[in-house]
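Chemist: Just a sequence and a predicted model for now, questions to come.
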Amino acid sequence: MKHTLSVLVENSPGVLSRVAGLFSRRGFNIESLAVGPTEREDQSRVTIRVDCSQHSLDQVTKQLYKLINVLKVNEMRPEDTIERELMFIRVTAAPEVRSDLMRLAEVFGARVADVGPTSLLFECVEHPDRLEALEELLRPYGIKEASRTGRLAMRRTTPERARRRMQVA
């Protein structure tokens, strides 16, 4: 089963290596890894997508908390999470098919990032499943190159969760 973890860490050298190493030592393949700063200068957020059992994930979570620079670990459940990736995809585009490609990309919210003599480069920020669908639809035109970021995830603010926060405050 695939799981997405959001790991809040201190922003210091070597933390990413220790976090990724923990998964590597257990023999888990990291499907997606994204790391970047948060709203606080001294903290970073590591978002990890991994394929493992729930029991294994629980064990890894306990071990993550033992790392000195790890502040918080959250499993991001799909039903209450917004997930996105960025994809750049360069497609062969003869002049007679460019308008078709642009209309197709528009359906997915992609925009033209670059135009070349024989290609178009699209940029799209979407749920990973929708990016895969766009890629499949563009494949018959000839994909020259594709690159995707790691998955980012944040919890949704549901009305119920917002009410609970208001009561606590």
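Modeler: Thanks, I have it.

Chemist: What about residue 156, how many residues nearby?
Modeler: Here the number of neighbours of residue 156 (other C-beta atoms under 10 Å) works out to 9. Where C-beta positions appear, they are placed from N, C-alpha and C, glycine not excepted.

Chemist: residues contacting it?
Modeler: For residue 156, the contact set (C-beta atoms under 8 Å, 6 or more residues apart in numbering) comprises 80-82.

Chemist: Equivalent analysis for residue 144, please.
Modeler: Counted by C-beta under 8 Å, 6+ apart, residue 144 has contacts 90-92, 119.

Chemist: Neighbour-wise, give me the winner out of those residues.
Modeler: Going by other C-beta under 10 Å, residue 91 tops the contacts of residue 144 with 24 neighbours.

Chemist: Just to check, it is in contact with residue 138?
Modeler: Yes - using C-beta atoms under 8 Å, residue 91 makes contact with residue 138 at a distance of 5.1 Å.

Chemist: Out of the contacts of residue 156, the closest to residue 67 would be?
Modeler: residue 81 (23.4 Å; C-beta to C-beta).
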